[in-house]
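Undergrad: Next one to model:
(2 chains)
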Amino acid sequence: MKSVEELMAIKEKMKGNVVLRNEADGIRVVVGMATCGISAGARPVLNAFVEAVNDLDLAGKVTVTQTGCIGICQFEPVVEVFEEGKEKVTYVNMTAEKARRVAEEHLRDGKPVVDYTINNTSL
Amino acid sequence: MIRSHVLVCGGTGCTANNSTQVREALEKEIAAKGLDGEIQVVPTGCFGLCALGPVMIVYPEGVFYSQVKPEDVPEIVEEHLLKGRVVERLVYNETAQQAEAAAHHAATSLSETAFYKKQHRVALRNCGVINPEVIEEYIAMDGYFALAKVLKEMTPMDVVNEISKSGLRGRGGGGFPTGTKWKFALGGEPGTKKYVVCNADEGDPGAFMDRSVLEGDPHAVLEAMAIAGYAIGADEGYIYVRAEYPIAVKRLEIAIKQARELGLLGKDIFGTGFNFDIQLRLGAGAFVCGEETALLTSIEGNRGEPRPRPPFPAVKGLFGKPTVINNVETYANIPQIILNGAEWFASMGTEKSKGTKVFALGGKITNTGLVEIPMGTTLREVIEEIGGGVPNGKKFKAAQTGGPSGGCIPAEHFDVPIDYDNLIAIGSMMGSGGMIVMDEDNCMVDIAKFFLEFTCDESCGKCTPCRIGTKRMLEIMNKITSGQATMDDLDKLEELAAYIQANALCGLGNTAPNPVLSTLRYFRDEYEAHIKDHTCPAGVCRALLSFEIIADKCKGCTLCARNCPAGAISGAVKQAHVIDQDKCIKCGVCIQNCKFDAIIKK
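TA: Got it, this is the predicted structure:
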């Protein structure tokens, strides 16, 4: 080790790795992962969120986690976004591509993607 | 892309409860489900809640599972890791409500439970958070940045001043100001050979905080020793660790190897020309080797015996050279002080005791384990809130702190803020931080005898007051617990105790009478009951007990007579039985077997 920069490079490389272990704070993205969700393709959605959060350097602010059946199986994969002080946003019929867009526009820029929300889908 | 971390405790307590098998089962099951690219299993150091081991925590949700068995693993993987359904039955009951909240997507937090809420983790900050066998994880938690800071931006004097200003005092027992110690070792001719030593010979019965730091965050100790080396001008360090701590030894070896590979130990660290390397020395488990001069003598290859001070090690220590010797927990605080500043550290604690202290909670307490609290927390908060109180509805009697060198604190001092000076004022001491909780079933005379037996055994024999004095004290204690003592013996005991305290060569002897003196101070009535009434109020000292059968309650079932190993019980079937007191060996088997509560112990 010849310089602090080298040490910093290791820290930066590992940061995404350990940041996951902080107490949940900020935005929470919850993917429905019950049998219905998984069969409807929730796994690629979950992974797409994890990757996007990392690519966009949001790991310290956004937690991606999973939950059981939310109860609206016909709309799976369902993703809910929680943020302190704001109303919950529920996205339905998600795909990996849609997840990427939600990550960029909603999680990073703070503008929910209304096209995909449950309010925009006739029940 | 990793989306979830499963942290499995790899501390000694959980390892003894098969956490290694749990971890292996997890890895296997996760791979079988094809989740190995998404979920990472991380072995960590101690979480602190040893009573509930093996413990694991799943991030990002922060769900805390306790008492996990290898058989539980498939369910956890299938339900939680794959489908996101928390396995409620395994969730630590205090977090269970929060786990339910988590299922409804509210934030959940282990740090909000009673066990963790009042804790403040400085020395243990990385224990249970990082994988201690991966140096990069330590670096990700700002590891080795304190070393970089002192080498690049501070003079040795700055470092010593910063440590002095923080108010850090030795965590091994004595409570000597660390900065002052370092200052003594400063100076001398340029090029004087000096040493930095880490005292990891944790020997107090019931204390395991140093072991947990070494097992959970070994790099923090290495980094702090390098900082100390820079501050006093030493290029060589030794860690003296007990051979009975195999996990700690293994992780230290790995940590030293990794630090050398990255050039964080060795020559020309950070290109500043500073050289520092560390070697391990394994102790054979002699209690006296935790005493600093005995420890240094042992590193030199001699029999571990103390030598008179002064000269203190800072002047003439290892191999006759100036040496700084600090305890593991003391070192674990150093990088944090350098990174966050002396003011930050001094803002925690009381006027004369700054920062936090780790205690090993044991004995009659619900949450056995490790807790780190700011100095000045009261005993009540530690025992009732963090520790969950005395189990089985029993009444709290006393807490023993400071191990064989310390004393017992009775309930009347429950609200004294814990710090170095307050504990000494009430006749105990901080020691290394063992805290053994005792309830109404513990005999205080017996407890004092237990600790005295320990120091008597562990006395190295070099000085007469300790070698012979503790032996004579123990003989008197044996007389008391067998009901053969007179009140004169109590006076002799006190006289002898004062003599040993004043004349023994080292800390082991100086403090050996403390358990007896503190119990005499607060529980003299129990001593007197043993001597005058020949009874043991707590029903512990066997020689003073007698077993009797209440004729009215006895149904003559013969169960006691058939189980008595001494053949001391006689009586015909369906007739009340009788115990022959001359034959009775007071083993208590009859009480355990009686179905009618007809036998009493007095």
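
Undergrad: how many other residues sit next to B:Thr155?
TA: B:Thr155 sits with 11 neighbouring residues when counted by other Cβ atoms under 10 Å in any protein chain shown. Where C-beta positions appear, they are placed from N, C-alpha and C, glycine not excepted.

Undergrad: And it, how close does it get to chain A?
TA: Computed as Cβ to the nearest Cβ, to the nearest Å, the B:Thr155 to chain A distance reads 18 Å.

Undergrad: and that residue, backbone torsions?
TA: phi -90, psi 160 (degrees, to the nearest 10).

Undergrad: Please, where are all the strands along chain A?
TA: A:27-32, A:62-67, A:79-82, A:89-91 (DSSP state E).

Undergrad: which helices and strands sit right next to the shortest one?
TA: Helices and strands touching strand A:89-91, by 3 or more Cβ pairs under 8 Å, 6 or more residues apart in numbering or on different chains; DSSP states H and E, are strand A:79-82.

Undergrad: which residues touch B:Ala226?
TA: B:147, B:237, B:264-265, B:269, B:276, B:278 (Cβ atoms under 8 Å, 6 or more residues apart in numbering or on different chains).

Undergrad: Serialize those to JSON lines and add fields for neighbour count.
TA: Listed next are the contacts of B:Ala226 as JSON lines, based on neighbours: other Cβ atoms under 10 Å in any protein chain shown:
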{"residue": "B:Leu147", "neighbour count": "30"}
{"residue": "B:Gly237", "neighbour count": "25"}
{"residue": "B:Leu264", "neighbour count": "26"}
{"residue": "B:Leu265", "neighbour count": "25"}
{"residue": "B:Ile269", "neighbour count": "25"}
{"residue": "B:Phe276", "neighbour count": "24"}
{"residue": "B:Ile278", "neighbour count": "23"}
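
Undergrad: Just put the strands of chain A in JSON lines and tack on mean pLDDT.
TA: Shown next, in JSON lines, are those (pLDDT from 0 to 100):
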{"stretch": "strand A:27-32", "mean pLDDT": "87"}
{"stretch": "strand A:62-67", "mean pLDDT": "83"}
{"stretch": "strand A:79-82", "mean pLDDT": "90"}
{"stretch": "strand A:89-91", "mean pLDDT": "90"}
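
Undergrad: The contacts of B:Ala226 in helices, which ones?
TA: B:Leu147 (DSSP state H).

Undergrad: The contacts of B:Ala226 also near chain A: which ones?
TA: B:264, B:269 (Cβ under 8 Å from any Cβ of the partner chain).

Undergrad: and which of the contacts of B:Ala226 is nearest to chain A?
TA: Comparing the contacts of B:Ala226 against chain A with Cβ to the nearest Cβ places B:Leu264 closest, at 5.2 Å.

Undergrad: out of everything not next to it in sequence, what's closest to whichever residue of chain A sits closest to chain B?
TA: Closest approach between chain A and chain B, counting by Cβ to the nearest Cβ: A:Gln66, at 3.2 Å. Counting by Cβ to Cβ, 6 or more residues apart in numbering or on different chains, B:Gly84 is the residue found nearest to A:Gln66 once chain neighbours are left out, at 3.2 Å.

Undergrad: I'd assumed A:Ile70 was in contact with the one you found.
TA: No. If you go by Cβ atoms under 8 Å, B:Gly84 and A:Ile70 don't touch, sitting 10.4 Å apart.

Undergrad: So if I had to pick from the two, which one is more boxed in?
TA: Shown here are B:Gly84 and A:Ile70; by other Cβ under 10 Å, B:Gly84 has more neighbours (25 against 20).

Undergrad: Using the three-state scheme, assign that one.
TA: coil (DSSP: H, G, I helix; E, B strand; the rest coil).
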